[in-house]
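Trainee: Compute the structure for the input listed below.
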Amino acid sequence: MSTVTYTDHTGQARVVEATVGDSVMETAVRNGVPGIVAECGGSLSCATCHVFVDEADLASIPPMEEMEDEMLWGAAQDREDNSRLSCQIKVTEGCDLHVTTPATQV
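Mentor: Numbers count the residues shown, from 1 in each chain. Sure, this is the predicted structure:
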């Protein structure tokens with residue numbers, strides 16, 4: 001089983017079962033997780049699915065590519081070293097990923 005734990009900016013956590021191959025953004029939207037706006041639907045043309053990946057999980061996901069890096073400069077909340085766009089993180093078999101949503105996406 002693969003899971004994603006979404007923690008909002010206030011510290012409230014929600015664990016969601018995730019389908020392998022789906023993105024962290026798709027999983028959030030499908031499950032009504034607050035804090036992920038996903039205006040572009042995952043086409044990498046906005047930054048409204050910005051998340052902060054738990055430091056312990058960063059090594060388990062592929063590094064960001066150039067376009068994602070560029071889009072993060074337009075995020076509503078300042079990016080950090082662990083910032084990622086959740087549309088670019090795919091759920092893998094047996095993953096147990098932890099992300100925190102910023103206070104705002106727009």
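
Trainee: Contacts for stretch 15-26 next, please.
Mentor: Contacts of stretch 15-26 with the rest of the structure, by Cβ atoms under 8 Å, 6 or more residues apart in numbering, involve 1-6, 27-28, 30-31, 33, 36, 38, 42, 49, 51, 85-93, 95, 97, 99. The way it works is simple: take the backbone N, C-alpha and C, and place the C-beta from them, glycine included.

Trainee: and the most centrally placed residue in the chain, what does it touch?
Mentor: Among the residues of the chain, the one closest to the centroid is Ser86, at 2.7 Å (Cα atoms, centre = their mean). Residues in contact with Ser86, defined by Cβ under 8 Å, 6+ apart, are 23-25, 28, 36, 38, 49-51, 99.

Trainee: if we go to 10 Å?
Mentor: Contact partners of Ser86, counting by Cβ atoms under 10 Å, 6 or more residues apart in numbering, are 4, 6, 23-29, 33, 35-36, 38, 42, 48-51, 53, 97, 99, 101.

Trainee: What distance do you get for it to Glu17?
Mentor: Separation of Ser86 from Glu17 (Cβ to Cβ, to the nearest Å) stands at 16 Å.

Trainee: Then Arg79?
Mentor: 28 Å.

Trainee: Looking at the two, which one has more neighbours?
Mentor: Arg79 (17 against 11; other Cβ atoms under 10 Å).

Trainee: right, and the more buried one touches Ala47 too?
Mentor: Yes - using Cβ atoms under 10 Å, Arg79 is in contact with Ala47, at 8.7 Å.

Trainee: all helices in the chain, in order from the N-terminus.
Mentor: For the chain, the helices defined by DSSP state H occupy 24-30, 66-72.

Trainee: want to try CSV for those helices, with distance to Thr10 as columns?
Mentor: Formatted as CSV, those follow (distance: least, Cβ to Cβ, whole Å):
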stretch, distance to Thr10
helix 24-30, 16
helix 66-72, 23
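
Trainee: Thank you kindly, that will do.
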